[in-house]
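K.L.:
can't give you the sequence, but here's the structure:
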Ligand SMILES: [Zn+2]
Ligand SMILES: [Zn+2]
């Protein structure tokens, strides 16, 4: 009586074996294209947003932003790119407490970073693929404060040199 359901389960598995392998192959292909990434903080899907022909991945759950290193350098140069960062800063601040995350692409632990010019901006960087993750509101903040903070740095540098 107990053996019967076990045998049924085995045959069910072997029946689905082939399509499952095909499914996994398709899944691996999607991962390669970066379409199947899950948000490292809330596990939601990413959606692609394009700003002036530059593609960025944004989380559909917490609105965290995923950049390749080159993408971020490009975006910082473009005025108004902060508009893609539509998330609530308060939500981002909650997720900002979660610092121990794995890269959504390579699944290796990401390194905590601090923007060299803005010490209140903390983000995560992957040492393997050099992808960067920003919590909602952080990238916008990075854009808005850059000029003012650079100016403050300049003034303090001048003052130090004059002493
Ligand atoms: Zn998320
Ligand atoms: Zn990575």
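P.N.:
Looks like it arrived, so ask away. Keep in mind that this is a model prediction, so the values were computed, not measured. Ligands and ions are numbered 1, 2, ... in the order given.

K.L.:
Just the residues contacting stretch 36-52, thanks.
P.N.:
Around stretch 36-52, the neighbours that count as contacts under C-beta atoms under 8 Å, 6 or more residues apart in numbering are 27, 30-31, 55-62, 64, 66, 75, 78, 81, 83-84, 95, 98, 101-105, 110, 124, 133, 135. In this view, the C-beta of every residue, glycine as well, is placed from N, C-alpha and C.

K.L.:
That stretch and ligand 2, are they touching?
P.N.:
No. Stretch 36-52 is not in contact with ligand 2 by C-beta under 5 Å from the ion; minimum separation 10.0 Å.

K.L.:
hmm, back to that, filter the contacts of stretch 36-52 to the buried ones?
P.N.:
Burial by neighbour count, 16 or more other C-beta atoms under 10 Å: within the contacts of stretch 36-52 this picks out 56-59, 61-62, 64, 66, 75, 81, 84, 95, 101, 103-105, 110, 124, 133, 135.

K.L.:
What about the contacts of stretch 36-52, which are in strands?
P.N.:
Among the contacts of stretch 36-52, DSSP state E puts 55-59, 66, 124, 133 in strands.

K.L.:
In CSV, list those residues along with distance to ligand 1.
P.N.:
Formatted as CSV, those follow (distance: C-beta to the ion, whole Å):
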residue, distance to ligand 1
55, 18
56, 14
57, 11
58, 9
59, 3
66, 9
124, 12
133, 9
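
K.L.:
how about those, which pair is most distant?
P.N.:
Of all pairs drawn from these, the widest gap by C-beta to C-beta lies between 55 and 124 and measures 19.6 Å.

K.L.:
For residue 89, give me its contacts.
P.N.:
Residue 89 neighbours (C-beta under 8 Å, 6+ apart): 136-137, 140-141.

K.L.:
no wait, residue 75
P.N.:
Residue 75 makes contact with 51, 54, 56, 67, 81, 139, according to C-beta under 8 Å, 6+ apart.

K.L.:
10 Å instead?
P.N.:
Neighbour list for residue 75: 51-52, 54, 56, 65, 67, 81-82, 84-85, 139, 142-143 [criterion: C-beta atoms under 10 Å, 6 or more residues apart in numbering].

K.L.:
which one of those has the most neighbours?
P.N.:
residue 65 (29 neighbours; other C-beta atoms under 10 Å).

K.L.:
Any idea what it is bridged to?
P.N.:
Beta-bridge pairing of residue 65, defined through DSSP bridges, involves residue 58, residue 134.

K.L.:
ok, now which ones touch it?
P.N.:
By C-beta under 10 Å, 6+ apart, the residues touching residue 65 are 46, 49, 56-59, 71-72, 75, 84-87, 92, 123, 132-140.
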